[in-house]
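J.: Here is a sequence together with a model predicted from it:
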Amino acid sequence: MKMLEYCQRILAKVSFDRHLFAKELAKSIKRLELPDVERLRQWCDEQFGQRYEDIILMTFPPRIAV
């Protein structure tokens, strides 16, 4: 199983709790390579964007304008 898929599974399982979600999201970002971090961000926005938008915005590194 890819690390990205593993992180997605963990986040889905802990999504019932704000604190756990934030903690696992931070750990996931540290574990992943940069391209996978961006994929995780997209997935988080789609799956949890309405519920945890504040956590997602605070936890992910800012996007670099090109």
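T.: Noted; the coordinates are in hand.
J.: buried sites along the helix or strand hosting residue 21?
T.: Residue 21 belongs to helix 18-31 when assigned by DSSP states H and E. For helix 18-31, the neighbour count (16 or more other Cβ atoms under 10 Å) marks 21, 22, 24, 25, 28, 29 as buried. C-betas here are computed from N, CA, C, even on glycine.
J.: Determine which two of those residues are furthest apart.
T.: 21 and 29 (12.6 Å; Cβ to Cβ).
J.: so where is this protein shaky, pLDDT-wise?
T.: By pLDDT under 70, the low-scoring segments of the chain are 1, 64-66.
J.: center of it, which residue is that?
T.: residue 25 (4.6 Å; Cα atoms, centre = their mean).
J.: ok, now which ones touch that residue?
T.: 11, 44, 55, 56, 59 (Cβ atoms under 8 Å, 6 or more residues apart in numbering).
J.: Which of those residues has the largest number of neighbours?
T.: In terms of neighbours by other Cβ atoms under 10 Å, the contacts of residue 25 top out with residue 44 at 23 neighbours.
J.: What sits closest to that one if chain neighbours are left out?
T.: Distance criterion Cβ to Cβ, 6 or more residues apart in numbering; nearest residue to residue 44, sequence neighbours excluded, is residue 56 at 5.1 Å.
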